[in-house]
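[1] Compute the structure for the input listed below.
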Amino acid sequence: MMHVRHAGERGHFDHGWLDTFHTFSFADYFDPAHMGFRSLRVINEDRVAPGQGFGMHGHRDMEIVTLVLGGALEHRDSLGNGSVLRPGELQRMSAGTGIRHSEFNPSPSEPVHLYQIWLLPGQRNLQPSWEQKAFPREGRQGRWQLVASPEGRDGSLVIHQDATLHWVDLANGDALTYDLAPGRSAWLQVLDGAITLAGQPLSAGDGVAISEERSLLLAASTPAQVLLFDLV
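    Model (predicted):
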């Protein structure tokens, strides 16, 4: 069973400095039919203007994964971490018992385009933690690249939830499958380009909730980037 969440159906706010799309209910956007999927709670696609960003603010009991598609994002947090996140890198922050952070576009001229994803943790009151890793593009060209898992398998980020996150770059005409174990569900998010999933055309910003399926077949209609979450 597959349910498509088209890009144009998402919540959308243009604040001038921030142009943001919400796949699920978030902040001032509320849709009781879209409160999340399995352990996925937030998928936000943001474009932040040069020199702008999110000031220091707090979270707790959430696994937060950030992926930059264009530009750069500067991170600071109450654990003393500081970094600049660029395309090809992912960042994971486990808010646990409480963490404060800021996210800022350090460029004076270039916007930053990013996805921020929240997953509910497998348990509450974890020790807050943070990590950032680069994932070479050749590792995902035409194949699934594991970028987050509970045990940090194959150099992936560690997330405190029974979920794995996979990233792929597809060339025009590439086809790829993904097999789901019994009892598992998936969320597929098209980051850019266009694909078909089981013959269903999808384009940038589209997402798909997948359950009770055993095998997924993707084919790229144009060069495309896709994220896939394997979930209980």
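[2] for residue 8, helix, strand, or coil?
    helix (DSSP: H, G, I helix; E, B strand; the rest coil).
[3] what is the rounded mean pLDDT of stretch 144-160?
    For stretch 144-160, the mean per-residue pLDDT is 98.
[4] Would you mind putting the CA coordinates of stretch 91-108 into PDB?
    C-alpha atoms of stretch 91-108 as PDB (Å, rounded to 0.1, in the frame of the first residue of the first chain):
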ATOM      1  CA  GLN A  91      24.200  15.900  10.900                       C
ATOM      2  CA  ARG A  92      22.500  14.100  13.700                       C
ATOM      3  CA  MET A  93      21.500  15.700  17.000                       C
ATOM      4  CA  SER A  94      19.900  13.600  19.800                       C
ATOM      5  CA  ALA A  95      18.100  16.100  21.900                       C
ATOM      6  CA  GLY A  96      17.400  13.700  24.800                       C
ATOM      7  CA  THR A  97      17.000  15.400  28.200                       C
ATOM      8  CA  GLY A  98      17.500  18.800  26.500                       C
ATOM      9  CA  ILE A  99      19.700  20.600  24.100                       C
ATOM     10  CA  ARG A 100      19.800  24.200  22.700                       C
ATOM     11  CA  HIS A 101      21.100  25.000  19.200                       C
ATOM     12  CA  SER A 102      21.100  27.600  16.400                       C
ATOM     13  CA  GLU A 103      21.300  27.100  12.700                       C
ATOM     14  CA  PHE A 104      22.500  30.000  10.500                       C
ATOM     15  CA  ASN A 105      23.300  30.600   6.900                       C
ATOM     16  CA  PRO A 106      26.800  32.100   7.000                       C
ATOM     17  CA  SER A 107      26.900  33.200   3.400                       C
ATOM     18  CA  PRO A 108      26.400  36.900   2.600                       C
END
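[5] Return the set of buried residues in it.
    For stretch 91-108, burial by neighbour count (16 or more other Cβ atoms under 10 Å) applies to 91, 92, 93, 94, 95, 96, 99, 101, 103, 104, 105, 107. (Glycine included, C-beta is placed from N, CA and C.)
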